Structures are given as structure tokens and as C-alpha cells.
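1. Test case, fold it:
(2 chains)
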Protein chains: 2
Amino acid sequence: MKLYHMDFEPVGRRGQCQDNESLLDCARRLGVGIISLCGGQGTCHCCKVRVLSGTVSEPTSSEQEVFSPQELQDGWRLACQTYPISDGKVSVPAESVTTPQRIQVEGLEITVHPEPPVRAYHLQLPTPSLSHPQADADRLLQALNQQYQLGCSQVDIDVLRILSPRLRSWNWQCQATVRNDEVVAVSPYPSRQLGLAVDLGTTKIAGYLVDLSRGQTLAAKGIMNPQISYGEDIISRITTVTKSPAEGVQLQKLAVEALNELAGDLCAEVGADTEEIVEAVVVGNTAMHHLFLRLPVRQLAYSPFVPAVSQALDIKARDLGLHMASGAYGHILPNIAGFVGADHVAMLLATEVGQAKGLILALDIGTNTEVSLVNNGEITTVSCASGPAFEGGHIKDGMRAASGAIERLRIATDGIQYQTIDGVPPVGICGSGILDAMAQLYLAGTVDHHGRMKDNHPHLRTDQKQRQFVLVSEEERDGNPAIVITQQDIRELQLAKAAIRTGIQVLLETNGGSEEEIEQVIIAGAFGSYINVSSAITIGMLPSLPLDRFRQVGNAAGMGAKLALISSSKRSQAQDIASRVHYLELATAPNFMSTFSQASYLGRYRLRQGKRREID
Amino acid sequence: MKLYHMDFEPVGRRGQCQDNESLLDCARRLGVGIISLCGGQGTCHCCKVRVLSGTVSEPTSSEQEVFSPQELQDGWRLACQTYPISDGKVSVPAESVTTPQRIQVEGLEITVHPEPPVRAYHLQLPTPSLSHPQADADRLLQALNQQYQLGCSQVDIDVLRILSPRLRSWNWQCQATVRNDEVVAVSPYPSRQLGLAVDLGTTKIAGYLVDLSRGQTLAAKGIMNPQISYGEDIISRITTVTKSPAEGVQLQKLAVEALNELAGDLCAEVGADTEEIVEAVVVGNTAMHHLFLRLPVRQLAYSPFVPAVSQALDIKARDLGLHMASGAYGHILPNIAGFVGADHVAMLLATEVGQAKGLILALDIGTNTEVSLVNNGEITTVSCASGPAFEGGHIKDGMRAASGAIERLRIATDGIQYQTIDGVPPVGICGSGILDAMAQLYLAGTVDHHGRMKDNHPHLRTDQKQRQFVLVSEEERDGNPAIVITQQDIRELQLAKAAIRTGIQVLLETNGGSEEEIEQVIIAGAFGSYINVSSAITIGMLPSLPLDRFRQVGNAAGMGAKLALISSSKRSQAQDIASRVHYLELATAPNFMSTFSQASYLGRYRLRQGKRREID
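-> This next block holds a predicted model:
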């Protein structure tokens, strides 16, 4: 019997698979819920997966029935019929998964006066005659400018292509949607004016359908980013695209198709058509921004990490492949730097930190963590390479925040108490759970402030020359492998949290502030909203401050995108924020190395000029 | 359904033909360009072919009208009315073939100071570093605005998609092409800035490749408009598209492909790449304009004949399907009305009539004839339905100006003298030849001023109850059918010339001018440059004025397109001309019917308020 390492995406659950164990059995054992109705006979065809890498057994006759040769070529298989022959990576599509991934779409709600950059105007046009045979588009523009005192000078070519027959079928009454000096859509009167706001994350995509005239969110939905099959983190996607430009086209296509599907779902929820969407705002980190726009990414990955473009962009939806109103635009918020993207700008916009007084810290924690320090409106930003640990990556039993993931954890005297997502039996541990585990182990004295595991707890054991702390034992899991935290896991998390703490410290030192002076710490993003802030303080990831100074604001990037969709002045504010930000390259900061080494210590402490002072 | 093998000679094209497919459709499908003006209705009589072997369907009534029993016996048929019943061989005579054709690209040359709407700027950018990691596009814009005091604010998305790798491979030195506030192309330094001017005619397309910085024409070429296979006149194309929108897509595709090919050929001539073309200007009549832009055309064909759009348009080349520099635009000159297009605006621009003193008449003669009367800069324009006679349509032995067409003709005492295109034996008669023939017959007294053929000339004979005048006899053509002018041909030409003369007269009456006061008559267009003006005066198509008041200016529309390409102020002049023109619907003019009836008389005369006064 041989053991192979399998990686199930997009949940990110990894583990050993025996050569006589089907991918279905392996996935289930690792807690990845794949649908199967026939008990693994290959007859229900529910357990479709796609083998992304590695070698597996030859397709069986039932698989040859289900899949075309091209699909088989592309790696599509039935999990119950497929056995590994090497290490590998398998993508489990949404339709094959029993429980979806938790994707946060909620965030702080800010009410703004709607002043959308696109507006609809009602028109009743005079019917043309032999004595007034003015062209249809010219007639429309003249009426708009005269009746509403606009300076509208052009009609989008795709609107021109439908205008004449539609005006006639609507009996010369219509609603014209105007953006700056251009008519971007025509619709019967009255029609809704819908907008789409999108937070395009590396892992997840959140979409919001908004009524533009009332500034109201009509529907919200989160989906997984299908690009994940080309690499979980942005660096592996950039590498893929750099090697083969064709893959860049493919990656863009995946993102665009996902957005079109998302828009379709959101519209279906409120009985609308995607043609009613007259404007979209998209935010994402710089790499996602570039991949979505099919911009070159090579220069993002190498020093000095330069974006192809930073300023805000207005691009015709058709040039992006988005299905919306004929002449609609996608507005892409500005980036700040190679690793500080439009999503961070959107977060700064939504949290209104630019207008606040005092010293504010704003973080978006993820594989890459962006941290801004705002000092009476002056913004300095760094990017910290926090790595995949918070997404469950590089953690032995780590996984993303899906059903069965341990998300909260407490080491009590009588055992381990934990809470899983959806309350089902545990299958792994996600970011917030790992953070809790580390804090609890530190508080229990089982891990010291250097991050070393001691041998002073009954749950500790050694496996493959490595210490590990058992959170859920084999017995508790009915013979399935235990869920553990290893010494290596602690090291991974230490690197991640040190990167963030270093970023905070460098910002403070550059601005001449101290930790105690921080009046507010804003934590944005899905991971940030689920973490126990006390745990983050306990391990020294965040400065030790009274808990009431922390604000977990959820998907603030999505909220920022919505604001830029609804309000022209919020949109210009975003551009203003991006151009005002002072971006600091962390690696070039003085004391960077000594600060980083001090920041990797566990415990509550203050940092000052590369020195650490314990608290308590 | 049965399949037969058909052989089309002399091109030697062979292929399968279905028994329910006409020879016309089969030939076209096989790539043999047979002329058809009526869209296969059997009424234009252009698609004459000769069945050399095999069995075909019985002659239809329209064929019995066109051909004598002998001709039918000899295998002469209309391809659109004939269906195969066995394998066979068909001869397509030169006069039924769409190519080759004489296409005029020359026209008057006007020298203007080049002030192109797109300009190139040379830049040497600072290399990015960790301390200056500005985005590539932002760096480019900043350099442009600072070094050249521009207000450039955006970079086209397709330029963004190539910018980063190119800047690096060019070592940060480049040439940026700017249009208004947008970078539409980047190229290595130094590069040429090429422009493309196109006169998109119903029958022919003329293209000019221009060096924008020097305002110099580098190459010129004319090709046939491939849309001709969907009907030779615009009305049959509009009908086709109105019936099936898919055909609209196909028609646009044909025009765009032709333009791309033309651009490719022009570039090849000067060793350039189409990517070096940074701007295109396209002019055409309103229907061609709409078909090229894939705009709806139905409303053009029905009263009150309204264009979808009249104002000038700036459309991304990619949205039109044109292969040019990444972010380049096509500029489409404005239309005036449903039957007065951008080509007429271009002609008015090129002839500078708007700035001239006195009374000027400017005509563009074709299937549709546009006539402008310019009175000290005030322009009034009418459109005359002159029909296809000048293109050889509806004329028994008519053909377009292709090899073997009689283009000049004189009836001498000792016989007929004629000149053919390319000096080859005659195969038919084209517009200028028909005009000469009519004038000569009138001068010889063989046709009276009512247009009636008398029986007083040895060349006259009667065939199928119709008088005809033999220009080239069967004997002279080695047994091939004679080339004749029939009574019906005279009637067709009378309608055409009456339409034009009526237009002129209505314009004069509306403006309170008289024929004698016209100081200059400008005749534009290919047909207009080849006609004998004396003949046109003799038959009463043009007013009787001293010959030195006439100017035949060739392809002035193409020249106008070039001017609008080279010069921003010429471009705004064109918009100014279009908006200043007073368009007059001919049918609504008082005295229209009586003027028309007087205008159909042959001879030199003056018209005034629906009355005719003979001269001489």
C-alpha cells in the first residue's frame, strides 16, 4: 500500500490518500463533502471532480459514458471511480459539494445620498416626419439636452445598434441612461436602474445588486473564485500566466464567467435581467485586478513590483466580457501598489478613515495583509506577506472556512472545547481556529514565547519526529485521523503574525506614533471578522489595546465598491484616497529585520525601535 | 433533393449545385461574382449567363421578356431564374461578372497644414525602483503631461494590456500616440504615424494610406465592395437586412473584411504594418454608413427616411472589427439625411464650396444623386433617385465601367465610333457611353425631345416589338449578340436625368436663383469624372452653361476623408457643414411633378417655375 498527498480545492483540505482508496472516500475521510447517491458504484454521476495535477487510475467504462474524450483529457472524473497513483490536486466543483463554503457578503452599512454616476431620464420624443426627418440619435440627444439641461454629446455604438427599432416599438417614449456625456443605455419607461458592485477576491467573490436611484442593496451573494484551480495564491497564478499567456486569457475568462453568473443569479433573485445593470464597480487586490482586466502581471511578481496601471479605469463592459446594458461601463477603483489593491482603497473608503481624527489602524488580513495607518487623514500603507496560514494553507489539518472547520477553540482543564462551522463533526481547522489554538496553547504554557512546544500536556505527542498537540483524537473521530496542531503549524503562524505586527510597527515608527496612541483598529475582511481579537492580542499579532478600540467591519471592500457605485463623490473620494496614500515598501524600512524578529515572539508586548517590552 | 456538378466558365470554377438552388446562388456560393441588382427577382436582367451544356429548368416569363427565342435557344438565361436538372456547364460573360472594375481613387489634391487629431510624442521614462514603484501607465501619463503640457488622463485598455512588457523591452523609451485625453497606441521610437481614409461606396471602396505627421498620401487603392453580392443597390441590401438581421451581421463583416484587406494591401505597398495605423476616417452614403456600423436600416427605407444617427462618430476600431493600432479610433463623418450621407459632406469639405462666394452647384452622380446648391456659403441639399442606369443597370446591354465597356461614343456619318475601357473588343456599354449614345441619337434626330426613337437610321431595327439602335452588330461581334440601345433604355435614362435636373431646379427655385447665375458646377464621383459634360448638357441632364463653369473633381469624397484625417480643423469643418446644410425633401417641393415632367425632355433648355424654354 502506498500513501499519496492529495489536495482538495477549493476548500483547501489536504491529507494522505491510500492507493486503494477512491478519491471520494479520501475526500470524505478528510471532511470534504462530495455528493454521492449510488454509494460509489459510478452510476449516479454526482461526484464529478477535476484532477488538476498528479497521476490517477485510467477512466472506467462508467466514466467514459459520462465524459467526452475532451472532458477526460481535461481531467474530469468521477471521484468514486478514481484512485491516485501519485501526489495530486483535485478540484471539487460547487455542484458536487454537499455544503458550500462560508463567504462573507455582509459588512458595515453606510447610508449615502444616492448620486450615481449614471442617471436615467424619461423622454417623450416627437415623431419624425418628412418635414422633420432628424436622425433618431440626434433627436434623442437634443431632447435630453434641452429638457434636462445636459451636455450629452454621444450615444454608445451598441445603443445606436438597437435605438431605432426600439424607439419605434416604444412609441417614442423611453428612458435614457446617461453617464457623463454619453447615453449608455435605453430602456422602456419606467425601468429600474441597477448597479453591480463586486469584491473580486483571490479566493472568494462577493457581489451586490444595487438599485442606483435609491442606493439600496437588493441582493447579495458570494461565490468561490474559479481561478483557484490555477493556483490558490496570487503568486502561483501570476507564475502560471507568466509562463503561458494563453492561460492569462483563460484566467480572465474564468473570472468574467463567474461575474456573469453571479450577476445572473443576483438578477434572478429580484426578477431582473442583467441588461438592466447600467454600471458595475469592481475592486480586488492588484493581482486580481490585473488578471481580471487581462493586464500583464509579470512585473508584479518581480522587484520593484510595479502595477501595469494604478489609476481608476472606466472600461466598456463589452471590452471586459461582462453582460450588462448595451453601452454600460465597468468602473475599476484605483490601486495603490503592486500588493495594495483597489480592495484596500475600497475598505479605506467604506470605513471613512480618511476623514477621521486621531491615529487609526486599518487592516485587511489574508494571504497578503494590507495595513494602513491613518494619522489625522494622512494615510501610510504597507503590504505584509502573511502567507496562506490564515486560509488553512501550510497547516497540517488546516482548511478554509467551510462546513466542519473548527473556527473557535478553548483549552479547558477538562479537555478541548471547540465550535465547528455549521455545528457538524470536525474535519479540520480554519484560520480563526488556528489562531485560538495558538493563543490557548500559549496561555496554557504548552507553547513558550519563542513558539516552542513543550512536553507538559497529556494531549501532546510526537509523530514523525515532530511534536503535535491533539485537538480531536482518533477515538473522537471514530478511527479517522486525529486533528492536531504541530510544531510546524506554530512556526507557520508565527511567520504570518510576525509579518503583520512588523507592518504595524514600521508604520508607527515612520509616522512617529506609538501603539498606545492608536485610537481605533479596524479589521476588515472575512477572516478578520471571525477571529477572536483577544487571541490575536495574546499571540502578539495585534498590539495590546483595550478591546473596545477594535472594530471588525466584515467585507468593507464590498461596501466600498457599493459606495463608489451609488455615489459620484464617493468615487472621486476613492481616487483621492489612492493618490494621497503614501505607500511604504516594508523591506526597505530601517530596523525591518530586528523588528520582524521581535514581532515573531508570542505574548502581549509593546514594540519600539526594534525592541520588545513585555506587558503583564 | 439532388446534387449536380456545375462548371462555371471562363473562370473555371466547379462545384455541386442543389436542384433547388438557382445558378446565381450556386455561382456565388462557389465564389463566382455574378451581378444582381434586384436580389434574384428576375427584374434587373444583370445576371445573364449562357448554359453551354446540361439540362436546366424551363425559361420563366421574365426570361422570355429579356431574351429572344433565338437567344434562349442559344442557352442565354438569367442565372437567378434557372435551376439545374442535370450536371452542366455555364459561361458567365464578362458583363455579368462583378470584377474587375475600374475604380477611381484619384481626385483633386488640396494641401492642408497637418494638424492630425492623433499625435505622437517621444518619451524616455525613468526606470521604476523600489523607492519609485509607480505603475507603468501612471508613469507614462505623468511624463506625457509634464514634458508636453498635455491633459492626458487615460490609456486605452488594449494599450494597457501590452504596455508593461513593451516598455521594458524598449528600455523605457517609446512613442505614445495621443488622441484628445487618451493614449491610443504605443510604439518603439521612432515610428511612423499612419492614417487610413476610406470612401466606402455602394459599388466601390477607395482607400488611402496617409502619413499623418506630413499629411502626405503614401498609397491609394480601389476595390469592389463585396456587399455587391447581396444586391447592387442600397435598397436591395436594406431589404435583405430588414428581412434577416443575420444578413446585417454578414454584410458588415464583408465590408469590414474588405477594409482590413485594403488596409493590409496599402500597408504592404509601403512596407508598413496595419498596427501602425493610428486613426481611420470613413465616409459613405447613409445606407453604407449604417451597414458598415451595423446600425438598423429599416427606418432608412420607409418615409420619412430617418437615419439612426447623423452626427459624427468616434468608435474604437476594435468595436468595428478593424485591425489597427491597439486603441485606435475610426472617425465617421456626419450624415445629412437618409439619402445624403457622409460622402457628400466629405465632397463639400474637399471642394471648399462652403467658403466660396457666389452660386455653386455640387453634384455626386450615382444610383442616388446628391445635389447641393451653395449660395454664398449657405448650403441646401436634395437627394435624387437617379436609379441604376448610370451604373449600367436596367439597360439592355448596360454594364459597369469594367474592361470592354463602351465608355465614349460618337455617331458619325460613316458609322459608330466608340472607345472601350482597356481598348478591348466591346462587351457592353457603361454609364458614360449610354449618356453619349443618347446625346448622339438626339443630335442625329434619331431620338426626339420626347425621347421617342424614330425610324430614320440604318442602324435602327425592331426586336420583340421594341425599337433598338445597333451600336455594335452581331457581325462585328463574330456572331455574339449585338450591343444595342433600346427604346426602353432611353426611357430609363430619361428618368435618371430628369431626377437630377429636377433636383437642380428645385434647389434654384427654393433659393431664388436661376440657372444662368450658377458660377460653377462641381461634378464629383467616378461616373461624374468620366462623363462628357457636353452630352449631359445636350440631353438636358445638366443646365446649359459654358463648359468652363464645370469642374469634374474625381473622388472628392475620398479627398474629404483624407482632409478630415489629416486636419482637426477640417474635421470640425465637416461637422459644421453637416449641421449647416438645409436638407430639402424633393417630393415635398412645390411644382415637383410639373418640374419633373419638363425635366424629362431632351435638349438644351432652361427651366423656370415648372416651365421649359428651349435654347437654340
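
2. which regions of the stretch 301-450 of chain A sit below the pLDDT cut-off?
-> Nowhere does the stretch 301-450 of chain A drop to pLDDT under 70.

3. which parts of it sit against chain B?
-> A:303-311, A:313-315, A:318-319, A:335, A:337-338 (C-beta under 8 Å from any C-beta of the partner chain). C-beta coordinates here come from the backbone N, C-alpha and C atoms, glycine included.

4. In ChimeraX, select just the buried ones from the residues you listed.
-> A single ChimeraX command selects the buried members of those (16 or more other C-beta atoms under 10 Å in any protein chain shown):
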select /A:304,305,306,307,308,309,310,311,313,315,318,319,335,337,338
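
5. Just the ones of the residues of the stretch 301-450 of chain A next to chain B in helices?
-> Of these, the ones assigned to helices by DSSP state H are A:318-319.

6. Now, the residues of the stretch 301-450 of chain A next to chain B that are in strands?
-> If you go by DSSP state E, these have A:313-315 in strands.

7. How about the residue of chain A positioned farthest from its centre, nearest residue that isn't a chain neighbour?
-> Within chain A, the residue lying farthest from the chain centre (C-alpha atoms, centre = their mean) is A:S131, at 58.6 Å. Leaving aside its sequence neighbours, A:S131 sits nearest to B:T588 (C-beta to C-beta, 6 or more residues apart in numbering or on different chains; 6.9 Å).

8. same question, A:A258
-> Spatially, and ignoring its direct neighbours in sequence, A:A258 is nearest to A:P226 (5.2 Å; C-beta to C-beta, 6+ apart).

9. Contacts only, for the one you found.
-> A:254-255, A:257-258 (C-beta atoms under 8 Å, 6 or more residues apart in numbering or on different chains).

10. Give me the distance between the residue positioned nearest the centre of chain A and chain B.
-> Residue closest to the mean C-alpha point of chain A, counted by C-alpha atoms, centre = their mean, is A:G201 at 2.5 Å. Per C-beta to the nearest C-beta, to the nearest Å, A:G201 is found 21 Å from chain B.

11. quick one: A:I235 and A:L300 touch, right?
-> No: applying C-beta atoms under 8 Å, one finds A:I235 not in contact with A:L300, separated by 9.3 Å.

12. how about A:Q41, phi and psi?
-> Backbone torsions of A:Q41, given as degrees, to the nearest 10, read phi -90, psi -10.

13. Can you tell me, leaving aside adjacent residues, what's nearest to it?
-> Nearest one to A:Q41, counting by C-beta to C-beta, 6+ apart, is A:C80 at 7.3 Å.

14. Can you report how many residues neighbour that neighbour?
-> For A:C80, the count of nearby residues is 26 (other C-beta atoms under 10 Å in any protein chain shown).

15. Show me how the record splits chain A into domains.
-> Per the record, chain A has its domains at A:3-96, A:118-187, A:354-386+A:497-614, A:389-492, by automatic domain parsing.

16. For the stretch 351-500 of chain A, which segments count as strands?
-> A:359-364, A:369-375, A:378-384, A:405-412, A:415-420, A:428-429, A:460-463, A:466-472, A:483-486 (DSSP state E, counting those that start in this stretch).

17. possible to save those strands as JSON lines with mean neighbour count and distance to B:G554?
-> Below are the strands of the stretch 351-500 of chain A laid out as JSON lines (neighbours: other C-beta atoms under 10 Å in any protein chain shown; distance: least, C-beta to C-beta, whole Å):
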{"stretch": "strand A:359-364", "mean neighbour count": "25", "distance to B:G554": "66"}
{"stretch": "strand A:369-375", "mean neighbour count": "26", "distance to B:G554": "65"}
{"stretch": "strand A:378-384", "mean neighbour count": "22", "distance to B:G554": "64"}
{"stretch": "strand A:405-412", "mean neighbour count": "21", "distance to B:G554": "78"}
{"stretch": "strand A:415-420", "mean neighbour count": "16", "distance to B:G554": "84"}
{"stretch": "strand A:428-429", "mean neighbour count": "28", "distance to B:G554": "80"}
{"stretch": "strand A:460-463", "mean neighbour count": "14", "distance to B:G554": "91"}
{"stretch": "strand A:466-472", "mean neighbour count": "20", "distance to B:G554": "88"}
{"stretch": "strand A:483-486", "mean neighbour count": "24", "distance to B:G554": "86"}
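
18. TSV please, covering those and showing distance to B:L545.
-> Formatted as TSV, the strands of the stretch 351-500 of chain A follow (distance: least, C-beta to C-beta, whole Å):
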stretch	distance to B:L545
strand A:359-364	81
strand A:369-375	79
strand A:378-384	77
strand A:405-412	93
strand A:415-420	98
strand A:428-429	96
strand A:460-463	108
strand A:466-472	104
strand A:483-486	102
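
19. quick revisit: which of the ones in strands among the residues of the stretch 301-450 of chain A next to chain B lies closest to chain B?
-> Using C-beta to the nearest C-beta, A:I315 is the member of those that lies nearest chain B, at 5.1 Å.

20. can I assume that closest one is in contact with A:R294?
-> No: using C-beta under 8 Å, A:I315 makes no contact with A:R294, being 10.8 Å away.

21. Would you map the strands across the stretch 1-150 of chain A?
-> A:3-9, A:13-18, A:48-53, A:76-78, A:88-91, A:118-124.

22. ranking those by burial, who's on top?
-> strand A:76-78 (a mean of 24; mean count of other C-beta atoms under 10 Å in any protein chain shown).

23. Among the domains of chain A, which comes closest to B:L542?
-> Smallest distance to B:L542 across the domains of chain A (C-beta to C-beta): 27.3 Å, for domain A:118-187.

24. now that closest one: how far from the chain's centre is it?
-> Centre-to-centre, domain A:118-187 and its host chain are 39 Å apart (C-alpha atoms, centre = their mean, to the nearest Å).

25. measure stretch A:320-335 end to end?
-> 18 Å (C-alpha to C-alpha, to the nearest Å).

26. Could you do stretch A:473-486 as well?
-> 14 Å.

27. for it, which positions count as buried?
-> Quick answer for stretch A:473-486 (16+ other C-beta under 10 Å): A:476-477, A:480, A:482-486.

28. export those to JSON lines and tack on distance to chain B?
-> Shown next, in JSON lines, are the buried residues of stretch A:473-486 (distance: C-beta to the nearest C-beta, whole Å):
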{"residue": "A:E476", "distance to chain B": "51"}
{"residue": "A:R477", "distance to chain B": "49"}
{"residue": "A:N480", "distance to chain B": "48"}
{"residue": "A:A482", "distance to chain B": "45"}
{"residue": "A:I483", "distance to chain B": "42"}
{"residue": "A:V484", "distance to chain B": "40"}
{"residue": "A:I485", "distance to chain B": "37"}
{"residue": "A:T486", "distance to chain B": "36"}
